[in-house]
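Peer 1: Quick one, structure for this:
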Amino acid sequence: MCSNKWVHFGCLALVMLLVLPGSSLSKEVIINAMIDFDSPASPTPDQVTQAFNSIVNLTNPMDSRGLNATIFASSDVVTSQKLFVTILGQKTNHELALNGNPEDEKLSSMPYSKQLELLTTAQKNINSAHVCGGKVVSIGGFRPQSFDQNNNTLKVLESLGFLYDAGFVVGTFYLPGHKNDTWPYPIMGYNLYAVPVSSYNSSGVRVNLSDRYAKEELGISGSKWYDILAAKFDEAAINGDPMVVVFSNQVSGSGDYLDAYKNFVNYATSKNAKFVTTTELINMTEVKNASGKLPVLSASGVKPSVCPTCGQNNESKGSLAIGVTVTHQGNCTDCNKTSTNVTKPK
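Peer 2: Just a heads-up that it's a prediction; the model follows:
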């Protein structure tokens with residue numbers, strides 16, 4: 001009971017502390033941990049053991065706490081370790097998804113036919129990762145190696161029935177109009193969702209929250225990587241953004257990056273973070289939207305014949321398609337000057 005003006009002032013300050021965005025009692029942080037399981041195409045026995053141990057090092061801290069995560073398995077690792085991929089996919093706190101094929105795969109350099117052949121084979125491989133008569137895991141997610149893709153990739157993913165493409169990064173690799181989007185969003189003209197991986201501005205350098213990018217492209221140490229993860233967590237708590245992070249078994253499965261990973265999981269759980277799969281994150285977008293619903297995707301995924309911006313006939317492959325520049329006949333200034341080329345990570 002606030003009995004005098006000074007006590008009343010203290011009560012008011014406490015209330016303000018509870019509601020101010022920067023307070024210690026900030027918003028619950030939603031974390032989507034994307035764990036990559038990779039292995040050489042034709043691994044030696046030692047490499048098989050190394051891949052197995054490194055992925056166990058990443059899944060154990062999550063599984064022991066019952067935390068949800070999405071496991072992105074490459075087609076190569078499914079071929080060499082199908083039984084273990086099957087076991088990972090059977091766990092109730094895991095969502096199984098596809099992470100392209102070889103580590104250096106460049107989908108954007110391939111024609112549609114080649115991408116279709118490659119991803120169809122990869123999908124068949126990962127869909128076969130189940131025990132006869134047991135639970136069959138439906139694979140709905142994909143992320144290209146090194147975030148490399150183009151408009152043909154989206155076409156292939158849609159034709160194969162995928163739900164989402166996680167090959168985007170906030171602020172560095174995005175579709176037009178979505179540069180700063182931190183939540184999943186429907187890709188116009190396709191029955192697909194774009195799921196952006198988070199990024200963080202560290203001393204003027206935007207860091208994609210992918211351990212491989214941090215280590216191999218920027219040369220960041222494990223301790224510095226942890227500092228970035230913790231700082232991004234705190235930022236997400238203030239802004240109410242989800243935190244989408246990629247951890248590869250080949251990077252965070254051992255050494256100082258494994259230490260950073262374990263320390264981050266400890267830090268996040270100590271702050272009562274909510275760990276979700278990628279599909280769960282997509283579903284949670286409904287809560288974020290003011291209407292309570294996501295924009296409805298078309299049943300067929302066919303691009304409307306009329307441009308929603310100017311009302312003219314759509315002569316391009318989609319106003320938000322990757323790698324396509326929209327041009328319409330007539331006087332359509334806004335559309336004619338719109339480039340839909342995505343910005344890739346430097």
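Peer 1: All the strands of the stretch 51-200 of the chain, residue numbers only.
Peer 2: Secondary structure of the stretch 51-200 of the chain (DSSP state E, counting those that start in this stretch): strands at 69-73, 94-98, 141-142, 164-169, 185-186, 193-197, 199-202.
Peer 1: packing partners for the third one?
Peer 2: Packed against strand 141-142 by the contact rule (3 or more C-beta pairs under 8 Å, 6 or more residues apart in numbering; DSSP states H and E) you find strand 94-98, strand 164-169. The C-beta positions use only the backbone N, C-alpha and C, and glycine is treated the same way.
Peer 1: Other residues contacting that strand?
Peer 2: 70, 72, 95, 97-100, 119, 157, 162-167, 195, 278-279 (C-beta atoms under 8 Å, 6 or more residues apart in numbering).
Peer 1: show me where pLDDT drops low in the stretch 201-346 of the chain?
Peer 2: Low-confidence segments of the stretch 201-346 of the chain, defined by pLDDT under 70: 286-346.
Peer 1: do that again at 50, thanks
Peer 2: The model of the stretch 201-346 of the chain has pLDDT under 50 over residues 290-346.
Peer 1: Just give me the neighbour total for residue 140.
Peer 2: The number of residues packed near residue 140 is 17, by other C-beta atoms under 10 Å.
Peer 1: Who are the contact partners of it?
Peer 2: 97, 161, 162, 163, 164, 279.
Peer 1: ok, it to residue 51 distance?
Peer 2: 24 Å (C-beta to C-beta, to the nearest Å).
Peer 1: Could you do residue 222 as well?
Peer 2: Taking C-beta to C-beta, one finds residue 222 at 20 Å from residue 51.
Peer 1: What residues sit buried inside the longest strand belonging to the chain?
Peer 2: Across the chain, the longest stretch assigned as strand under DSSP state E is strand 30-37. In terms of neighbour count (16 or more other C-beta atoms under 10 Å), strand 30-37 has its buried residues at 30, 31, 32, 33, 34, 35, 36, 37.
Peer 1: helices or strands next to that strand in the packing?
Peer 2: helix 45-63, strand 69-73, strand 243-248, helix 249-252, strand 274-275, helix 278-288.
Peer 1: can you list those in a markdown table and add mean neighbour count?
Peer 2: Formatted as a markdown table, the helices and strands packed on strand 30-37 follow (neighbours: other C-beta atoms under 10 Å):
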| stretch | mean neighbour count |
| --- | --- |
| helix 45-63 | 17 |
| strand 69-73 | 26 |
| strand 243-248 | 26 |
| helix 249-252 | 26 |
| strand 274-275 | 18 |
| helix 278-288 | 17 |
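Peer 1: Let's have those in a markdown table, adding distance to residue 83.
Peer 2: Listed next are the helices and strands packed on strand 30-37 as a markdown table, based on distance: least, C-beta to C-beta, whole Å:
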| stretch | distance to residue 83 |
| --- | --- |
| helix 45-63 | 10 |
| strand 69-73 | 12 |
| strand 243-248 | 21 |
| helix 249-252 | 16 |
| strand 274-275 | 26 |
| helix 278-288 | 24 |
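Peer 1: Of those, which is nearest residue 227?
Peer 2: strand 243-248 (13.9 Å; C-beta to C-beta).
Peer 1: And the helices in the stretch 101-250 of the chain?
Peer 2: 112-127, 151-159, 211-212, 222-239, 249-252 (DSSP state H, counting those that start in this stretch).
Peer 1: ok, and which of those helices has the densest surroundings?
Peer 2: helix 249-252 (a mean of 26; mean count of other C-beta atoms under 10 Å).
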